[in-house]
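Trainee: Sharing a model prediction with you, sequence too.
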Amino acid sequence: MNAINESTLIEVFAGNAWDAGLVKNLLESANILTFLKDEFHGSLAPWQTDAGGTGSIKVVVSSNDFEQANEIVEQFYRNLEEN
């Protein structure tokens, strides 16, 4: 029997539609496959979206890519703080 490489999806970012889109593009530029979770709620009712809280849009990646993705997200947060 062949071994199956199992991975799970892990949330690496939660925020508004704009920031989630930026993070998704940064991750995809690094060849990390990403998915947006809860994007429809965030786009249908953006006034109900708290950054990282209620109604936020989540960016999820494979557990295999978590470490690299997490570094990119941390750099994104550092860049936000500097500006």
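Mentor: Ah, there it is. Residues are numbered from 1 along each chain as shown.

Trainee: Can you name the element that comes right after the lowest-mean-pLDDT helix or strand in the chain?
Mentor: In the chain, the helix or strand scored least confidently by mean pLDDT, DSSP states H and E is helix 39-44, which has a mean of 63. Following helix 39-44 in sequence order, the next helix or strand is strand 57-62 (DSSP states H and E).

Trainee: Listing partners with orientation, what would you give for that following strand?
Mentor: strand 9-15 (antiparallel), strand 34-37 (antiparallel) (DSSP bridges).

Trainee: With respect to burial, which of these scores highest?
Mentor: Most buried of the strands paired with strand 57-62, by mean neighbour count (mean count of other Cβ atoms under 10 Å): strand 9-15, with a mean of 19. For the C-beta atoms, the positions are set from N, CA and C on the backbone; glycine is no exception.

Trainee: outside of that strand, which residues touch it?
Mentor: 19-20, 23, 27, 35, 37, 51-53, 56-63, 66, 69-70, 73, 76 (Cβ atoms under 8 Å, 6 or more residues apart in numbering).

Trainee: And the helix or strand containing residue 23, what's buried?
Mentor: Here residue 23 sits within helix 17-29, counting by DSSP H and E. Within helix 17-29, the residues that count as buried by 16 or more other Cβ atoms under 10 Å are 19-20, 22-24, 26-27.
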